[in-house]
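*Asks:* A structural model of the following input is requested.
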Amino acid sequence: MTDEATLQAPAALRREARIDTGAIARNVRTLRAATGARLVMAVVKADGYGHGAVASARAALAGGADRLGVVDIREALALRAAGIDAPVLTWMHAPGADFDTAIEHGIDLGLNSLRQVREAGEAARRVGRPADVHLKVDTGLGRNGVTAAEWPSVVAEVRALVADGSVRLGGVFSHLANAGADEDSAQVRAFHAALDVVRAAGLEPGIRHLAATAGALRVPDARLDMVRLGIGIYGISPLEGVTSAELGLVPAMTLVGSVVAVKRVPADTGVSYGYTYRTTRATTLALVSLGFADGVPRLASNRAPVAIHGARFRVSGRIAMDQFVVDVGDGVVDGRAVAVGDDAVLFGDPATGAPSVEEWAEATGTIGYEIVTRVAGRVTRRHLA
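*Replies:* From the prediction side, this is the model:
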């Protein structure tokens with residue numbers, strides 16, 4: 001016979017990304033004030049940089065964002081399905097992308113080629129309503145966008161589609177490479193040259209937008225009509241050597257695992273795969289319920305900081321798929337023993353004593369964008385107002 005204990009579900013391991021949506025709203029307001037932007041697009045691509053696209057979009061709009069930006073139509077449709085009706089721009093499309101559905105749902109299309117312009121016009125005629133489009137010109141990043149050589153022919157095609165009512169030109173945009181002051185200035189000049197071509201064709205360019213968070217902060221001439229704020233609204237600095245706090249930003253994500261085991265071990269104990277860490281004295285090891293399957297970079301092994309009870313420790317040994325170890329010394333912080341069930345904070349708001357995203361990025365040789373966007377689906381997002 002099965003006893004009652006067998007029927008009870010075990011407590012779930014705590015793998016949480018705690019998202020302060022109020023911080024997102026405040027960061028939008030802070031960046032708007034810092035840049036003097038007339039219009040703000042909040043970029044919520046990649047599931048809101050790992051923070052949850054729908055919750056992030058709502059928070060950004062509450063903070064005064066005027067528009068939203070995502071990469072593809074699927075991301076835009078997810079916002080519409082959640083009841084978000086703010087203007088949303090999507091800018092990466094495979095051949096045969098579902099422009100029909102995008103137009104039906106009032107999604108603005110960022111177009112990067114003559115083929116895409118023609119496909120948008122065809123979709124608009126099928127749907128029976130015009131496609132709202134923003135044209136992207138490549139001013140020097142070398143990624144998406146129409147080249148300078150092809151730009152006049154693409155603009156001419158748009159002019160014809162505007163004339164027959166298939167297309168409405170809502171904006172012209174590009175993206176900075178952030179390669180240096182001279183390169184930024186060259187891209188700004190190239191963008192204005194592209195706008196001149198649009199006007200010479202008898203078209204109004206609509207909303208002119210060139211700068212993302214870094215460009216909006218560093219290059220005043222790139223602010224134009226609208227700035228696209230991505231990483232900054234999540235409270236992470238895009239500028240090398242400048243912290244979030246120095247920009248007045250509050251990190252929105254706190255990544256937390258639970259301590260699932262605590263043990264005393266003697267000196268010279270090997271820890272985790274390959275024994276890349278050995279204890280130098282009798283000490284206490286705490287096992288934390290996060291690993292590289294949760295997006296914790298394996299490169300952080302023996303490098304990245306972790307906070308328990310507000311005290312700083314370091315990842316000890318190799319990070320495994322589901323877990324990693326922290327050497328917590330005598331196992332006592334301010335008179336409180338490290339125990340099973342305690343929170344282990346990987347990163348969050350440094351003002352609370354948590355390690356920062358920037359510290360994790362530095363420890364792993366990457367950027368803050370990657371640290372937050374790689375947090376995996378097994379990690380529960382808990383949104384806090």
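
*Asks:* From residue 235, how far off is the spatially most central residue of the chain?
*Replies:* Nearest to the geometric centre of the chain sits residue 49, at 2.3 Å (CA atoms, centre = their mean). Distance, residue 49 to residue 235, using CB to CB, to the nearest Å: 10 Å. Heads up, the C-betas are built off the backbone N, CA and C, glycines and all.

*Asks:* got it, and residue 344?
*Replies:* Distance, residue 344 to residue 235, by CB to CB: 21 Å.

*Asks:* For those two, work out which one has more neighbours and name it.
*Replies:* residue 235 (28 against 25; other CB atoms under 10 Å).

*Asks:* What values do phi and psi take at the residue nearest to the more buried one when sequence neighbours are not counted?
*Replies:* Residue nearest to residue 235 in three dimensions, not counting chain neighbours: residue 251, with 3.8 Å by CB to CB, 6 or more residues apart in numbering. Here is the backbone geometry of residue 251 (degrees, to the nearest 10): phi -60, psi 130.

*Asks:* I'd guessed residue 251 sits against residue 357; true?
*Replies:* Yes. Checked against CB atoms under 8 Å, the pair residue 251 and residue 357 is within contact range at 6.1 Å.

*Asks:* who touches both of those two?
*Replies:* In terms of CB atoms under 8 Å, 6 or more residues apart in numbering, residue 251 and residue 357 are both contacted by the residues 236, 244, 347.

*Asks:* Any chance of the backbone angles for residue 176?
*Replies:* The phi/psi pair for residue 176 (degrees, to the nearest 10) reads phi -80, psi 150.

*Asks:* ok, the residue lying closest to it once chain neighbours are set aside - contacts?
*Replies:* Nearest residue to residue 176, sequence neighbours excluded (CB to CB, 6+ apart): residue 215, at 4.3 Å. Neighbouring residues of residue 215 by CB under 8 Å, 6+ apart: 176, 178, 184, 222, 227.

*Asks:* and residue 215, what element?
*Replies:* Residue 215 belongs to helix 213-218 when elements are defined using DSSP states H and E.

*Asks:* which element follows that helix toward the C-terminus?
*Replies:* Defined by DSSP H and E, the subsequent element after helix 213-218 is strand 226-229.

*Asks:* Report the next helix or strand after the top helix by length along the chain in sequence order.
*Replies:* The longest helix of the chain (DSSP state H) is helix 181-200. Next along the chain after helix 181-200, taking DSSP H and E as the criterion, comes strand 207-209.

*Asks:* Please name every helix or strand in contact with that next one.
*Replies:* Packing partners of strand 207-209 (3 or more CB pairs under 8 Å, 6 or more residues apart in numbering; DSSP states H and E): strand 39-43, strand 167-173, strand 226-229.

*Asks:* Off-centre distance for the last one?
*Replies:* It refers to strand 226-229. How far strand 226-229 lies from its chain's middle: 14 Å, per CA atoms, centre = their mean, to the nearest Å.

*Asks:* Next secondary structure after it?
*Replies:* Strand 226-229 is succeeded, C-terminally, by strand 253-265 (DSSP H and E).

*Asks:* Which strands border that following strand, and is each parallel or antiparallel?
*Replies:* Neighbouring strands of strand 253-265 in its sheet, by DSSP bridges, are strand 15-20 (antiparallel), strand 283-288 (antiparallel), strand 343-347 (antiparallel).

*Asks:* wait, which of those strands is closest to residue 45?
*Replies:* Proximity to residue 45 (CB to CB) singles out strand 15-20 among the strands paired with strand 253-265, at 16.1 Å.

*Asks:* Which of the residues in the helix or strand following the closest one are classified as buried?
*Replies:* Once strand 15-20 ends, the next helix or strand along the chain (criterion: DSSP H and E) is helix 21-35. Across helix 21-35, burial judged by 16 or more other CB atoms under 10 Å covers 21-32, 35.

*Asks:* sorry, back to before: now for the residue nearest to the centre of the chain: which residues touch it?
*Replies:* Counting by CB under 8 Å, 6+ apart, residue 49 touches 43, 56, 230-231, 234, 369, 372-373.

*Asks:* what do you get for residue 238?
*Replies:* By CB under 8 Å, 6+ apart, the contact list for residue 238 reads 212-214, 217, 231-232, 368-369.

*Asks:* Quickly note the distance from the closest residue in space to it that isn't next to it in sequence to residue 328.
*Replies:* Counting by CB to CB, 6+ apart, residue 214 is the residue found nearest to residue 238 once chain neighbours are left out, at 3.9 Å. Per CB to CB, residue 214 is found 37 Å from residue 328.

*Asks:* Test my guess that residue 116 contacts residue 94.
*Replies:* No. In this structure, residue 116 is not within contact of residue 94 by CB under 8 Å, at 10.1 Å.
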